[in-house]
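Trainee: please work out how this folds:
(one chain, ligands or ions: 1)
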Amino acid sequence: MEVIILPDAAAVGLAAAKVIAKQLRNNPRSVLGLATGSSPIPLYAELVRMHREEGLDFSKATSFNLDEYVGLAPDHPQSYRHFMQVNLFDHVNIPPAHTHVPDGMAEDIPAACAAYEKGIAKAGGIDVQVLGIGANGHIGFNEPSSSLRSRTRFKTLTEKTCRDNARFFDSVNEVPRYCVTMGIGTILESRQCLMIATGGNKADAVAAMVEGPLSAMCPASALQLHTAAKVFVDEAAAAKLTYTSYYRWVHNSRPDWQRD
Ligand code: F6R
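Mentor: So this is what the prediction gives:
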């Protein structure tokens, strides 16, 4: 894992956006794996700016989101489809038909999950997967104890995740208990992973992901198995890492061909 420690969430968003922009410029037909939540908001804001001011082109790109709540319609203000429209899709030129978010309203959820996996494969696999991390170490909605080989499927959220996400709803009772999420196995098949973690409430999870044992109890630790995982963290989220001087040394002394 390449750990990149930056001063704050804005710097993290900027650095992550540069990775996505480089990917799109190298291959306009890139397949992007996208996340929702607070962590990628600065990234999406920067991508929108790059589209408007620098002509960053999404017209040939395809996207697959990590997850969706079961029972929320696409136009529900807290659905992840709605989040993506408001924060990214409505402001860039990605064709609507190229954007995919798991269907939380599907009548046959296992069939919809299998179709989602097929869709990713048909698109050629995910080039860059954006990820956030839950305070309990989840990625996507793969909660602790998820199989490290899991595929897109129905999951039950933990009470902790419901409480963490209650800030977006009127009360914790309105947070759906169920979701559809790409699996850890699905995520690990992406060619590159881009983890974004900011804020002190992520410090324990970040330390467990990077320096803890590989364990289903910290699903994000599965990224230790990925050959191209970049972890962008701000100082607060990096606070409980122990090898920080090495991570900074690696980043600051990287050769020219690894720089933006
Ligand atoms: C959302 C997702 C989740 C979030 C995680 C962190 O699509 O996959 O794993 O990335 O819950 O959420 P925030 O960024 O809101 O702290």
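Trainee: contacts for the lowest-mean-pLDDT helix or strand in the chain?
Mentor: When the helices and strands of the chain are scored by mean pLDDT, DSSP states H and E, helix 159-165 comes last with a mean of 93. Contact with helix 159-165 is made by Gly134, Ala135, Asn136, His138, Phe141, Glu143, Leu157, Val172, Val175, Arg177, as judged by Cβ atoms under 8 Å, 6 or more residues apart in numbering. For glycine as for every other residue, the C-beta is placed from the backbone atoms N, C-alpha and C.
Trainee: how distant is that helix from the center of its chain?
Mentor: Helix 159-165 sits 18 Å away from the centroid of its parent chain (Cα atoms, centre = their mean, to the nearest Å).
Trainee: assumed Phe64 was part of a strand.
Mentor: Yes: counting by DSSP: H, G, I helix; E, B strand; the rest coil, one finds Phe64 located in a strand.
Trainee: now the contacts of helix 159-165: which count as buried?
Mentor: Neighbour counting by 16 or more other Cβ atoms under 10 Å classes Gly134, Ala135, Asn136, His138, Phe141, Glu143, Leu157, Val175 among the contacts of helix 159-165 as buried.
Trainee: how many neighbours does the residue of the stretch 101-250 of the chain at minimum distance from the ligand have?
Mentor: Here the stretch 101-250 of the chain gets closest to the ligand at one residue, Gly132, 2.4 Å apart by Cβ to the nearest ligand atom. If you count neighbours by other Cβ atoms under 10 Å, Gly132 ends up with 22.
Trainee: gap between the closest residue to it other than its chain neighbours and the ligand?
Mentor: Closest residue to Gly132 apart from its sequence neighbours, by Cβ to Cβ, 6 or more residues apart in numbering: Ser39 at 3.7 Å. As judged by Cβ to the nearest ligand atom, to the nearest Å, Ser39 and the ligand stand 3 Å apart.
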